[in-house]
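please find the sequence and the predicted model below.
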Amino acid sequence: MADKKTVEAVKKALEESKKLNRKFKQNIDVVINLKNINLKDAKNRIDEEIILPHSRGRESKIAIFASGELAHKAKNHVDLLIKPEDIEDLAGDKKKFKKIVDEHDFFIAEAPLMPTIGKTLGVVLGPRGKMPKPVPPQIDITSIVKNLRNTIKLRSKADKTFHAIAGKEEMDKEHIAENIDAIIKRLESKLERGRMNIGSVYVKTTMGPSVRII
C-alpha cells in the first residue's frame, strides 16, 4: 500500500494537469533533490535500475547485441536485434547509432561481444548510461526482457537534482504512488545517510506543476 502523503501528492499533480487540457498522455515524473553529498566523487553518484511494481505506463524498449542461437531466441522478444556484423557499420555512422540509443531504454549483449562493443560503441553508450547488460550466449532471455520492460533508470550523474519516470497519467493514482515509494526506498538505501541526504522529492506530469512529497 502506498504512503498516504505520496497518494495525495499524485492526486494533486493529476488534478493540476487536467486544468492544462494537454492533447497527449503525459509521463509522471519524480524530481529528486539531494543534499549534503559530494556528487563530484563518482562513488557517491546514484546509478540504479529499479523494477517498478506497476510498470512505467509503457514498456521499456530493448535492444540486444547477439549472434547465433541467442539472436534466434531473442528476436521475437526484443525491439531491436543488432548482429555482430552490424557493429562496425554502426560505429562508422555515429548519427544513426545515437538515434538508436535515444530510442531504446536498455541494451543487452552477448558477453563475448562486450569488448568489441566497448571499444567501438562505448563512446555513445557510456555517457548515456546505456552500456549493455552482458549475458551468457546460452541464457534464456525471456525473464530478463520481461523484467527490463518494467524497469527504470535512476541516475544522478554529478547533479544533485535529477528525475525518473514513475508512470503515465492514465494509470491508477495508487499504483503511481507505489511506484514512487519504491523509487524513494531504493534511493534511501543507496545514500550514505539515507533520507537525511534527500533535500526534497516532487511529483509532476510532463507539462504540469510540481507537487512536493518530501
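The structure has been received and is ready for your questions.

mind showing which ranges of the protein have poor pLDDT?
Residues of the chain that meet the criterion pLDDT under 70 lie in 21.

80 - rerun?
In the predicted model, the chain carries pLDDT under 80 at residues 19-23.

for it, just list every one of the helices.
4-18, 68-74, 84-91, 94-103, 114-120, 122-125, 142-149, 173-190 (DSSP state H).

output the ones you listed in a markdown table, with distance to I198 appended to each entry.
(Each C-beta comes from the backbone N, C-alpha and C, glycine too.) Converted to a markdown table, those look like this (distance: least, C-beta to C-beta, whole Å):
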| stretch | distance to I198 |
| --- | --- |
| helix 4-18 | 14 |
| helix 68-74 | 38 |
| helix 84-91 | 39 |
| helix 94-103 | 29 |
| helix 114-120 | 34 |
| helix 122-125 | 29 |
| helix 142-149 | 26 |
| helix 173-190 | 7 |
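
let me know which of the ones you listed is the nearest to L52.
helix 173-190 (4.6 Å; C-beta to C-beta).

from the contact counts, what lies against the closest one?
Packed against helix 173-190 by the contact rule (3 or more C-beta pairs under 8 Å, 6 or more residues apart in numbering; DSSP states H and E) you find helix 4-18, strand 27-34, strand 47-51, strand 151-155, strand 161-168, strand 198-205.

with mean neighbour count added, can I get the ones you listed in TSV?
As requested, these are exported to TSV (neighbours: other C-beta atoms under 10 Å):
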stretch	mean neighbour count
helix 4-18	18
strand 27-34	21
strand 47-51	15
strand 151-155	19
strand 161-168	21
strand 198-205	19
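
nice, that's everything, thank you.
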